[in-house]
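> task: produce atomic coordinates for the following.
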Amino acid sequence: MPRKHSQRRKSPLQVKSWFSLPALSWPQVINGTMLLLTGVGAWAGTTWLMEQPINAVRIDGSFERVPAVQIEAAVMPYIKEGELTADLADLRNIIVALPWVQDASVRRSWPSTLNINITEERAAARWGDKGLLNVYGELFVSSTKHVPAELPRLEGPADSELQVARQYFALNAQLEQRGLNATALRMDERGSLTLGLNNGMEVRFGTVDLEERSTRFFQALDEVLTPIADRINYIDMRYTNGFAVGWKPAGELKLADRGETEPHA
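Numbering: from 1, shown residues only. So this is what the prediction gives:
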């Protein structure tokens, strides 16, 4: 025989608490109506504002490399006879695509002003001869006529910008703790890294075991190399158990640890 479904009767308290609604007094009804009207009014006000003509464009932000006229030139084609012909999000994307612009906000304000706030890119390093990397290791300018000479120079194969930048930032942080700075980091086509320091020393790390080799280098710098750094042309860390020193000015090669004769990759 078919199985009967068990039915549980709800108590009056349960039924009342689920279905019953409290009676509304007139003040509550009026307040609810006013709340609804306020929401409708806000929506209507926003719609009305967006439909008003643009009479002024205000550009704000702490920036040095982005000319205000460049922002104006990008925006003005989308303002015809005072009418904004582009969505604010689209207009923001157009501005962010400009050189040296890291981010931007675009909004309208009373009565008919377009407010643009610019955040400028911060150049952290050169990339090759003409490129610039920001503080995130991103190539934001691929070719510029004016490269700040004080910036460190990073180099590497195509699409290696982020990898090289991360290695540079990590190594330079260690150097800064010792009163030094990295002025260059170069990665060749095989992935071999060479670091340049502001005291004129060059450090050759090779292609493998960068973490282990950098640890050995900083240990050697602390214990052995710092007092004689002005005599050193380069340090070659591509050895299994030690490192080699190339001296100034003759460039004589001297093994500083164990007697190995050939570096490793």
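
> nearest residue to Leu210 other than its sequence neighbours?
Closest residue to Leu210 apart from its sequence neighbours, by CB to CB, 6 or more residues apart in numbering: Leu193 at 6.5 Å. Every residue, glycine included, has its C-beta placed from N, CA and C.

> so that neighbour is in contact with Asp209, correct?
No: judged on CB atoms under 8 Å, Leu193 makes no contact with Asp209 at a distance of 11.0 Å.

> between these two, which one's more packed in?
Neighbour count, other CB atoms under 10 Å: between Leu193 and Asp209, Leu193 has more, with 23 against 16.

> what about the helices in the chain?
For the chain, the helices defined by DSSP state H occupy 12-19, 26-51, 68-75, 88-96, 161-176, 210-220.

> check the gap between the closest residue in space to Ile235 that isn't next to it in sequence and Gln167 for me.
Nearest non-adjacent residue to Ile235, counting by CB to CB, 6+ apart: Val203, 4.9 Å away. Distance from Val203 to Gln167, counting by CB to CB, to the nearest Å: 12 Å.

> and Glu64, what does it touch?
Glu120 (CB atoms under 8 Å, 6 or more residues apart in numbering).

> look up how far His146 lies from it.
Separation of Glu64 from His146 (CB to CB): 12 Å.

> any idea how far Glu155 is from Leu133?
Per CB to CB, Leu133 is found 11 Å from Glu155.

> same check on Asp209?
Taking CB to CB, one finds Asp209 at 21 Å from Glu155.

> likewise Gly242?
Look at Gly242 and Glu155: by CB to CB, they are 27 Å apart.

> which pLDDT value goes with Thr240?
Thr240 is assigned a pLDDT of 87 by the prediction.
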